[in-house]
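In: Quick one: sequence plus predicted model below, questions after.
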Amino acid sequence: MEEVLRRLLPIFLLMGIGFFAKWKKLFSDVFIEGLKTLIIGVALPAVLFDAFSTMTLEMSYLLLFGLIFIYCGLLYGIGSGLHKFFPKTFGMFYTKGYMTGFEFGMIGVGLFGAIWGMEQLPVIMLIGFGHELFIWFFYVPLIARSADKPFSLTETVGQFLKTPTIIAIVLGVAANLAGIRPLMNEHVIGQSLLAVIAFLKPLTSPLILIVIGYTMVFQRTHLRKTVTYILSRIVLVVGLGTLVLFAIIRLIPDLDGLFIQAFYAFILLPAPYILPLYIQKREEVDFFTQLLVYSTAVSFIGYGILVGLSF
């Protein structure tokens, strides 16, 4: 129990700082948005570059990326089925968008890094990369089309390649395969870049958690519907996810010993925060915006259980 508290209490304290700052109006919303931009555009890419440039790369990881892509796609299909066949319970059109995808960038990295250490980030990134491919080349195009927004493959690929986290991953993999990372330690410029990364790594998780605490604003919502959606998503992602995990372990036996915890840490995350951005109907925007807030709170409970079982 002491070990569980040692790992979880700092997380809640950092989130508490963000919540307190919101309550006392210590920061403006503009400042927090700027901080989020700094995290997503600089700090997080630096951490990802470091992770992918130092991790051991295997051909079998391509199979892992594919299995995660299929897993997320199946969840999307099940979500569509729930809306089609059970309209009284799952009447919201964007049920399919809520039942799949995971908020990895702003929450997953911060939580996983805070609990298991930023040096273990490559383990969960193996899952995260397949998920990012799904989000950009399946989730966003279909959700955008559902919102009557024109889909452009060229635009989607362009946005994908301009995303700071994707750029960092690609550069990290390239540096890894080309053997550039060891050479960076031999030159002043490379040493300076690595020093900047070393400064940013321990700051990334705390900043993310403070921002999460600041932005979590609970408002009244339809309780029964909210509980139904949250519990349904948990059953789906954990149930199907466990089957996918068994398949991954069977097909790729030499994964890191932390992979099982990383997998469950990933699927316990809430749905993507970008979902409300593609919804036009005001009623659904309000519902899913608050649903994501409550889902995030439930995710923290799930992390508490996972940590209790892991340590």
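Out: Everything's here; your move.
In: What sits closest to the residue most central in space within the chain if chain neighbours are left out?
Out: For the chain, F104 is the residue whose C-alpha lies nearest the centre (Cα atoms, centre = their mean; 0.6 Å). Distances taken as Cβ to Cβ, 6 or more residues apart in numbering place G128 nearest to F104, at 5.0 Å, with adjacent residues excluded. Quick note: C-beta positions are derived from backbone N, CA and C, even for glycine.
In: which ones are touching that neighbour?
Out: For G128, the contacting residues are F104, G108, F266, by Cβ atoms under 8 Å, 6 or more residues apart in numbering.
In: same question, F266
Out: F102, F104, G108, I124, I127, G128, H131 are the contacts of F266 under Cβ under 8 Å, 6+ apart.
In: out of those residues, which one sits closest to Q280?
Out: F102 (23.8 Å; Cβ to Cβ).
In: Mind checking what secondary structure the closest one has?
Out: coil (DSSP: H, G, I helix; E, B strand; the rest coil).
In: From L268, how far off is it?
Out: Using Cβ to Cβ, to the nearest Å, F102 is found at 9 Å from L268.
In: now I189
Out: 40 Å.
In: helix or strand for the nearest residue to L171 once chain neighbours are set aside, which one?
Out: Once flanking residues are discounted, L171 sits nearest to F49: 5.7 Å by Cβ to Cβ, 6+ apart. Under the criterion of DSSP states H and E, F49 resides in helix 44-54.
In: Flag every buried residue along that helix.
Out: Counting neighbours by 16 or more other Cβ atoms under 10 Å, one finds that the buried residues in helix 44-54 are L44, P45, A46, V47, L48, F49, D50, A51, F52, S53.
In: Tell me the one among the residues you listed nearest to I143.
Out: L44 (22.9 Å).
In: Quick one: residues contacting that closest one.
Out: G105, V109, P164, T165, A168, T204.
In: which of those tops the neighbour count?
Out: Of all those, the highest neighbour tally under other Cβ atoms under 10 Å goes to V109, namely 25 neighbours.
In: mind listing what that one touches?
Out: Applying Cβ under 8 Å, 6+ apart, the residues near V109 are L44, V47, L121, I124, T204, S205, I208.
In: make it 10 Å
Out: By Cβ atoms under 10 Å, 6 or more residues apart in numbering, the contact list for V109 reads 39, 43-44, 47-48, 51, 118, 121, 124-125, 128, 165, 204-205, 208.
In: same check, this time on W116
Out: R7, V123, I124, L258, Q261, A262, A265, V307, S310, F311.
In: Then A21?
Out: F27, F31, I32, I210, V211, G213, Y214.
In: again, only using 8 Å
Out: F27, I210, G213, Y214.
In: which two from those end up farthest apart in space?
Out: Maximum pairwise distance in these, criterion Cβ to Cβ, is 11.3 Å, between F27 and G213.
In: With neighbour numbers in mind, choose between the two.
Out: Per other Cβ under 10 Å, whichever of F27 and G213 has more neighbours is G213, with 20 against 16.
In: is it true that that one touches F19?
Out: Yes. The pair G213 / F19 is scored as a contact, 4.4 Å apart, by Cβ atoms under 8 Å.
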